[in-house]
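**Q** I would like to see how this sequence folds:
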Amino acid sequence: MRKSYLLAGSFGLLGAMAQLVPAFAAPTTTQPTTAAALGAPTTLISNASNLEFTAAGPNILADVSKPNLLALTPQTASTKTAPVAEAVPQNSAPNLIAQDAPAPVAPAPVEPAPAAPATGGGAPVTSVSQLSDVQPGDWAFQALQSLIERYGCIAGYPDGTYRGNRALTRYEFAAGTYACLNSLAERLGSLSPEDLATIRRLQEEFAAELATLRGRVDALEARTTELEANQFSTTTKLQGEVVIAGQYGEQGGAGRPTAIARARLNFNTSFSGNDLLQTQLELGNGGEDLIGQDLVNGVNGVVTTNAGAIGAGVLGATGTEFDEAPFLVDLGSIDYSLIGGGTGSPILRRLAYTFKVGDDLAVTFGPRLFPSDFVDFNSFANNSAQDFSSGFFINNPLIITNTVDLPGGAGAAFDYNFGGGPLTLRAVYVAASPTNALPNTFGGGLFGDPYQATAELEIAPSEAFALRLQYTRAATNDIARNAYGANAELNFGRFGIFGRYGYGEFDTYGTAAAAGVPDFDAQSFMAGIGIKDIIVNGSMLGVAVGHPFFGDAVGGGFFGENTQTNYEAFYRFAVSDNISVTPAVMIIENPNNNQGGSGDTIYQGVLRTTFTF
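**A** Modelled structure (predicted):
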């Protein structure tokens, strides 16, 4: 209901009272006017119970993949869903607090006006000309002029405006009506026949509009009651993402098309409006892509993960546990492949609780979370459901330890922004075998191998530039890692560039040393561009190139003859607010740094459809 309609309603009430003039005597005392002008009431409806949490940064589509549980930014429910427009990060931007995390489901409040006058305390006006935003051509000008200049029951805002097009709450309606009734009670005895005739005419003229508004309000109240009675929870909101993809690849003439599917459901719960308990279920069809299957098993009988190759085999010898472990780094297969093992049974993928301490610090802990939830964010390359499909391009493989981030684990993290400025410090610790109460081969438990601890300092002086300096200490399968990384992005509006670089020192001990795995150093590099709104508004074109893992000890140099080099290009466009389609091309030269006897280039095409709800 707009404030202009309140004028008509006020006149309608005045008309009703005017018909009862003979029954009223002019009051002998003046009633205090406790209702103010048609501004906000003394007590505004709180938004605290209707907060939602969304990812800060340049993304539009909600990211269900790897939300930054530490980045929680309050937002009203009305702005939650928007069309696909930009890259969608897996974890969130530096701003406090996150993503995908709506708070209690409740009817969104009517937006209160800023700097509204308190009831009875509005800026007094004696002439309609004192209201800067009211013009003689406005359709309710004469009614407003009479209510101000003749009846004195309308006030303005402190800045000299009336804001007649602002939405009106029922509290404000009651306050304004009360003020007009008080004024009317003082003047009933002195109304002229002309005044009474005018009141009756306005009452009749706006009778239909008032009846319509009354019906709409009654219908909204009934609908709200029904929703409250049948909603799933007053504190929890369901959010989902489904990825369905088809791929076809070839290496040396071998390859088959496959179907890949992954579904994730988030139950986002907030108890106070400044916290988030996220429970995520995941299931998939276990589909594989050629890149992932080849780098594990090879093609034409050639096993590429032998001793000296980049993958699991580089960490051990045949017959040891190393061959069964995840790759030391992500070599670039499709990130959403091999989900669910084809069983169709959901698993508990994420369970973590985030809360704020003051304005600048957010803390998360939980039995199921991932290092990539909290560090190594990048606006252009971070979410395999929305931008690059390759697991290599969405995170720095030396900073995000694949052996920990792939299965996830128990741990904690914090995000501290220094006084709302350009500096943000983040840290995360995750142990990948937290359920082992007795030692396993490598230790296990909350503080045993495999684990990862990472610290990141972000410098973001503007929305156009961000630099993240990183350090990781990890132990995986009796191999200690000290890795240093840099993650940068530069945004020129529709065009942006990004890059990551990592350097790691790997020291073996225990079972790894006994298996003959030597100490070694390695590097990782990637760079790319992102261009928005090509051909279709809201689209994104991304192209990237990089080396997952190279160095003298592991084969290959920077763009060397035998260095594995990954390429990927994708084009994402929106079909609707909740559906996007992305064709992509992935190429890998010199797989496994051309070791193991299978150096043929891998070519792979992907068609991905993402549904969010």
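
**Q** Summarise which helices and strands the lengthiest helix in the chain is packed against.
**A** Assignment by DSSP state H gives helix 207-230 as the longest helix of the chain. For helix 207-230, the packing partners by 3 or more Cβ pairs under 8 Å, 6 or more residues apart in numbering; DSSP states H and E come out as helix 3-18. The way it works is simple: take the backbone N, C-alpha and C, and place the C-beta from them, glycine included.

**Q** all helices of the stretch 201-350 of the chain, in order?
**A** Secondary structure of the stretch 201-350 of the chain by DSSP state H, counting those that start in this stretch: the helices cover 207-230, 290-297.

**Q** Tell me which of those approaches Pro346 most closely.
**A** helix 290-297 (22.0 Å; Cβ to Cβ).

**Q** pLDDT averaged over the closest one, what's the number?
**A** Average pLDDT, helix 290-297: 72.

**Q** Ramachandran angles for Thr582?
**A** Note on Thr582: backbone dihedrals following degrees, to the nearest 10 are phi -140, psi 110.

**Q** Do I have it right that it meets Gly605?
**A** No. When contacts are counted by Cβ atoms under 8 Å, Thr582 is not listed as touching Gly605 (11.6 Å).

**Q** still on that earlier bit, next, format the helices of the stretch 201-350 of the chain as JSON lines and append mean neighbour count and distance to Val329.
**A** JSON lines is the format used below for the helices of the stretch 201-350 of the chain (neighbours: other Cβ atoms under 10 Å; distance: least, Cβ to Cβ, whole Å):
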{"stretch": "helix 207-230", "mean neighbour count": "11", "distance to Val329": "48"}
{"stretch": "helix 290-297", "mean neighbour count": "23", "distance to Val329": "11"}
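
**Q** rank these by pLDDT, which is bottom?
**A** Ranked by mean pLDDT, the helices of the stretch 201-350 of the chain bottom out at helix 290-297, with a mean of 72.

**Q** Do you have the strands of the stretch 301-450 of the chain handy? List them.
**A** 347-357, 361-369, 409-417, 423-431 (DSSP state E, counting those that start in this stretch).

**Q** got it, and the stretch 101-250 of the chain?
**A** Here the stretch 101-250 of the chain has its strands, by DSSP E, counting those that start in this stretch, at 236-250.

**Q** What ranges in it fall below the confidence cut-off?
**A** Applying pLDDT under 70 to the stretch 101-250 of the chain picks out residues 101-124, 187-191.

**Q** Let me see the domain layout of the protein.
**A** 3-45+112-228, 236-612 (automatic domain parsing).

**Q** Could you dump the strands of the stretch 301-450 of the chain into CSV with distance to Ala245 added?
**A** Output for these, formatted as CSV (distance: least, Cβ to Cβ, whole Å):
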stretch, distance to Ala245
strand 347-357, 19
strand 361-369, 25
strand 409-417, 27
strand 423-431, 28
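
**Q** about what we covered before: tell me which of the domains of the chain is the most buried.
**A** domain 236-612 (a mean of 20; mean count of other Cβ atoms under 10 Å).

**Q** And that one, end to end?
**A** 17 Å (Cα to Cα, to the nearest Å).

**Q** That domain: how far from the chain's middle?
**A** Remark: domain 236-612 is offset 19 Å from the chain centroid, using Cα atoms, centre = their mean, to the nearest Å.

**Q** show me what contacts the closest residue to Gly551 other than its chain neighbours?
**A** Once flanking residues are discounted, Gly551 sits nearest to Ala522: 4.4 Å by Cβ to Cβ, 6 or more residues apart in numbering. Applying Cβ atoms under 8 Å, 6 or more residues apart in numbering to Ala522 gives the contacts Val329, Leu398, Tyr503, Gly504, Phe506, Phe549, Phe550, Gly551, Ala553, Val554.

**Q** Tell me which of the residues you listed fall in strands.
**A** Using DSSP state E, the subset of these located in strands is Tyr503, Gly504, Phe506, Phe549, Phe550.

**Q** doesn't Ala486 make contact with the first one?
**A** No. No contact is recorded between Tyr503 and Ala486 when judged using Cβ under 8 Å, the distance being 9.4 Å.

**Q** tell me which residues form a beta bridge with the closest residue to Leu398 other than its chain neighbours?
**A** The spatial neighbour of Leu398 that comes closest, neighbours along the chain excluded (Cβ to Cβ, 6+ apart), is Gly502 at 3.4 Å. In this entry, Gly502 is beta-bridged to Gly485, Ser524, by DSSP bridges.

**Q** again with the one 4 residues further on
**A** Using DSSP bridges, the bridge partners assigned to Phe506 are Arg481, Phe520.

**Q** and if you look at Gln470?
**A** Gln470 has these beta-bridge partners by DSSP bridges: Glu456, Gly485.

**Q** Next: the one 5 residues further on.
**A** For Ala475, the residues forming beta bridges with it (DSSP bridges) are Tyr451, Ala480.

**Q** what's the spacing between it and Thr511?
**A** Per Cβ to Cβ, to the nearest Å, Ala475 is found 12 Å from Thr511.

**Q** now the helices of the stretch 201-350 of the chain as JSON lines including distance to Ser372?
**A** Listed next are the helices of the stretch 201-350 of the chain as JSON lines, based on distance: least, Cβ to Cβ, whole Å:
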{"stretch": "helix 207-230", "distance to Ser372": "36"}
{"stretch": "helix 290-297", "distance to Ser372": "18"}
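
**Q** Please name whichever of the ones you listed is nearest to Ala413.
**A** Proximity to Ala413 (Cβ to Cβ) singles out helix 290-297 among the helices of the stretch 201-350 of the chain, at 28.2 Å.

**Q** Now the two most distant members of the ones in strands among the contacts of Ala522.
**A** The farthest-apart pair in those, when distances are taken by Cβ to Cβ, is Phe506 and Phe550, at 13.2 Å.

**Q** quick revisit: in three-state terms, how would the residue nearest to Gly551 be classified?
**A** With DSSP: H, G, I helix; E, B strand; the rest coil as the basis, the three-state label of Ala522 is strand.

**Q** of the contacts of Ala522, closest to Arg468?
**A** Out of these, the member with the shortest distance to Arg468 (by Cβ to Cβ) is Leu398, at 13.7 Å.

**Q** Look at Leu283 and report its pLDDT.
**A** Per-residue pLDDT puts Leu283 at 93.

**Q** what residues are up against it?
**A** Applying Cβ under 8 Å, 6+ apart, the residues near Leu283 are Arg262, Ala263, Ile339, Gly340, Gly344, Ser345, Pro346, Ile347.

**Q** Most widely separated two among those residues?
**A** Spatial extent of the contacts of Leu283 (Cβ to Cβ) is set by the pair Arg262 and Ser345 at 13.7 Å.

**Q** does Gly496 really touch Ser379, like I thought?
**A** Yes. Using Cβ under 8 Å, Gly496 is in contact with Ser379, at 6.9 Å.

**Q** Just give the closest residue to Phe141, not the sequence neighbours.
**A** Excluding the flanking residues, the one nearest Phe141 by Cβ to Cβ, 6+ apart is Val134, at 6.6 Å.

**Q** How about the contacts made by that neighbour?
**A** The contact partners of Val134, taken as Cβ under 8 Å, 6+ apart, are Val128, Phe141, Leu144, Tyr162, Gly164.

**Q** try it again with 10 Å
**A** Val134 is in contact with Val125, Val128, Ala140, Phe141, Leu144, Gln145, Ile148, Gly156, Thr161, Tyr162, Arg163, Gly164, counting by Cβ atoms under 10 Å, 6 or more residues apart in numbering.

**Q** same deal with Leu398?
**A** 328-329, 470, 472, 474, 481-485, 500-506, 522-525, 548-549.

**Q** Many thanks, have a good one.
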